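[1] Dropping the sequence and predicted coords here.
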Amino acid sequence: GKMMSVLVVQRGLAFTYAWYADLSRYLLDDISVGFAASTGEFAQLNQVKSWNFTTVDDAIAGGDGGYRLRRQKIFLAVLVPLTVGVLLMALLVWRRLTRQTRLAYRNLEKMIDAHGPVRFKLRELRNATGDFSDGRKLGRGGSGTVYLGYLRRMSMEVAVKRVSTNVNSNRGEKEFVAEVNTISKLSHRNLVKLIGWCHKKGELLLVYEYFPMGSLDKLLYARERAASSTSSMSASTDTPELTWERRYKIIRGVASALDYLHHGSSRRILHRDVKASNVMLDEEYNARLGDFGLARVIQHDGATHHSTQVVAGTRGYMAYESFFTGRASLDTDVYAFGVFVMEVVSGRSPSNAVQYHPRRCTSWTGCGCCTARGRRCRPPTRCSAASSSRRRWTAR
């Protein structure tokens with residue numbers, strides 16, 4: 001029921017009385033309110049100076065209030081099921097649209113070896129790289145962008161590679177899986193160490209050890225880049241010199257890494273992308289071969305090559321027959337290493353000199369820095385002929 005109360009104030013004294021009563025069954029839409037009092041046989045004069053009549057929760061009083069209540073109930077009865085239905089429909093559409101992505105994610109998770117390197121959380125790598133800010137960008141290549149990061153739990157600087165993905169191709173995913181499964185099983189002093197990986201929300205991230213000196217190509221062509229920039233004088237003096245001893249040490253390191261991949265590890269591995277930009281240098285100019293995105297494992301005993309329908313590698317370093325057969329073998333890796341050796345010795349990029357004709361790579365091996373018998377050689381950076389890209393190079 002409802003509470004009905006009476007409050008009387010007279011000469012500073014208050015009287016109140018309340019009781020439960022539900023008058024909704026007796027009161028009409030239009031009612032009149034008055035006062036009546038009785039004192040028995042005596043006469044008494046009373047004066048009502050003010051009064052008010054208040055109804056609480058008039059929705060139960062019938063009429064318009066009852067109609068509004070019923071209308072609200074009908075509205076809620078229709079709105080709630082409709083909202084639930086729309087949400088369920090949106091969920092079904094979302095699951096259908098993202099079905100292939102979720103299946104691809106599960107398949108990728110299955111392809112990655114569970115006993116591989118550390119799996120990082122996306123939030124941790126975002127914090128380590130400043131949310132992949134441009135100020136931490138170390139470089140960009142065909143397979144992705146590399147950022148400088150700092151892992152607090154390991155107290156070390158790392159290089160985080162953000163693998164490029166394409167909605168129309170799964171090449172990025174294949175290179176990601178190949179790199180995680182291949183390099184994580186390798187241990188050699190001349191190979192870049194993979195610390196961990198992350199795959200979340202469409203991001204493919206690889207975490208490597210960081211080399212402050214960067215890749216070999218930055219040192220090989222530092223003077224050429226400095227000559228084309230406005231700050232050529234300061235850049236040339238700050239660039240460390242690649243002496244013959246250092247070049248020889250770098251070549252030996254890459255050769256040792258390739259020999260380990262071909263014959264030293266438990267599985268024969270083809271790198272398929274040996275080049276100066278994939279060789280990192282530490283403070284003592286020790287070479288570390290990295291970027292195993294194109295690497296393939298020859299599983300069966302006696303297998304000598306890996307066949308593919310897509311030509312993989314970098315123009316200028318690829319063997320001539322690879323363009324026609326699509327085969328990668330130990331010999332194609334050795335060919336790329338030979339081009340790499342000539343690049344380190346001459347200080348010239350094969351990608352610019354070959355121009356779609358791999359057989360002409362010998363046209364840029366000589367620079368006039370050595371005598372006819374190969375004596376008294378000096379590094380290409382000290383050779384005046386090496387500074388001119390327009391001069392014709394002949395093999396000695």
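    Sure thing, it's come through.
[2] mind listing the helices for the chain?
    Secondary structure of the chain (DSSP state H): helices at 63-97, 99-111, 122-128, 171-183, 216-220, 222-228, 232-238, 244-259, 322-325, 330-346, 350-354.
[3] Show me the one of those that comes nearest Arg140.
    Across the helices of the chain, Arg140 has its closest neighbour in helix 216-220 (13.0 Å, C-beta to C-beta). In short, each C-beta sits where N, CA and C put it, glycine included.
[4] Next, the residues that contact the closest one from outside, please.
    213, 239-240, 242, 250, 275-277, 279-281, 287, 343-344, 347, 349 (C-beta atoms under 8 Å, 6 or more residues apart in numbering).
[5] Could you export the helices of the chain to a markdown table, including columns for mean pLDDT?
    Below are the helices of the chain laid out as a markdown table (pLDDT from 0 to 100):
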| stretch | mean pLDDT |
| --- | --- |
| helix 63-97 | 82 |
| helix 99-111 | 65 |
| helix 122-128 | 93 |
| helix 171-183 | 77 |
| helix 216-220 | 89 |
| helix 222-228 | 71 |
| helix 232-238 | 51 |
| helix 244-259 | 94 |
| helix 322-325 | 76 |
| helix 330-346 | 91 |
| helix 350-354 | 64 |
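[6] TSV for those, including distance to Lys200 and mean neighbour count?
    Output for the helices of the chain, formatted as TSV (distance: least, C-beta to C-beta, whole Å; neighbours: other C-beta atoms under 10 Å):
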stretch	distance to Lys200	mean neighbour count
helix 63-97	18	11
helix 99-111	9	12
helix 122-128	4	17
helix 171-183	12	21
helix 216-220	31	20
helix 222-228	36	15
helix 232-238	39	12
helix 244-259	31	18
helix 322-325	35	14
helix 330-346	34	20
helix 350-354	35	18
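[7] Go through the ones you listed and name the closest to Met156.
    Minimum separation from Met156 across these (C-beta to C-beta) falls at helix 122-128, 10.2 Å.
[8] Kindly format the C-alpha coordinates of that closest one as PDB.
    Below are the C-alpha coordinates for helix 122-128, written out as PDB (Å, rounded to 0.1, in the frame of the first residue of the first chain):
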ATOM      1  CA  LEU A 122      52.800  -6.900 -28.100                       C
ATOM      2  CA  ARG A 123      52.500  -4.400 -25.300                       C
ATOM      3  CA  GLU A 124      56.000  -5.000 -24.200                       C
ATOM      4  CA  LEU A 125      57.500  -4.500 -27.600                       C
ATOM      5  CA  ARG A 126      55.400  -1.300 -28.100                       C
ATOM      6  CA  ASN A 127      56.700   0.100 -24.900                       C
ATOM      7  CA  ALA A 128      60.300  -0.900 -25.900                       C
END
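[9] could you say what helices and strands that helix packs with?
    Applying 3 or more C-beta pairs under 8 Å, 6 or more residues apart in numbering; DSSP states H and E, one finds that helix 122-128 contacts strand 144-151, strand 156-163, strand 194-200, strand 203-209.
[10] Among the contacts of helix 216-220, name the buried ones.
    242, 250, 275-277, 279-281, 287, 343-344, 347, 349 (16 or more other C-beta atoms under 10 Å).
[11] Ignoring the adjacent residues along the chain, who's closest to Val274?
    Leaving aside its sequence neighbours, Val274 sits nearest to Ala336 (C-beta to C-beta, 6 or more residues apart in numbering; 4.1 Å).
[12] Let me know whether that neighbour touches Gly316 as I believe.
    No - counting by C-beta atoms under 8 Å, Ala336 does not reach Gly316; the two are 9.2 Å apart.
[13] Could you break the chain into its assigned domains?
    3-57, 119-210, 213-396 (automatic domain parsing).
[14] right, and these - which one's nearest Arg71?
    Taking C-beta to C-beta, domain 3-57 is the member of the domains of the chain nearest to Arg71, at 16.7 Å.
[15] Please save the CA atoms from stretch 92-101 in CSV.
    Extracted in CSV, the C-alpha atoms of stretch 92-101 (Å, rounded to 0.1, in the frame of the first residue of the first chain):
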residue,chain,number,x,y,z
LEU,A,92,28.1,-13.5,-36.4
VAL,A,93,29.1,-11.1,-39.2
TRP,A,94,32.4,-10.2,-37.4
ARG,A,95,33.2,-13.9,-36.9
ARG,A,96,32.5,-14.6,-40.6
LEU,A,97,34.6,-11.7,-41.9
THR,A,98,37.5,-12.6,-39.6
ARG,A,99,37.3,-16.3,-40.0
GLN,A,100,40.2,-16.6,-42.5
THR,A,101,42.3,-14.3,-40.4
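[16] which other residues reach that stretch?
    Stretch 92-101 is contacted by residues Gly202 when judged by C-beta under 8 Å, 6+ apart.
[17] residue boundaries of the strands in the stretch 251-396 of the chain?
    All strands of the stretch 251-396 of the chain, identified by DSSP state E, counting those that start in this stretch, fall at 268-270, 279-281, 287-289, 296-298, 305-307, 327-329.
[18] what's the most buried one of these?
    Highest mean neighbour count among the strands of the stretch 251-396 of the chain (mean count of other C-beta atoms under 10 Å): strand 287-289, with a mean of 26.
[19] Tell me which residues touch the closest residue in space to Gly144 that isn't next to it in sequence, please.
    Once flanking residues are discounted, Gly144 sits nearest to Val163: 4.3 Å by C-beta to C-beta, 6+ apart. Contact analysis of Val163 by C-beta under 8 Å, 6+ apart lists Ser143, Gly144, Gly172, Glu175, Phe176, Leu204, Leu205, Leu206, Gly293.
[20] Val163 and Val146: what is the separation?
    Distance of Val163 to Val146, given as C-beta to C-beta, to the nearest Å: 10 Å.
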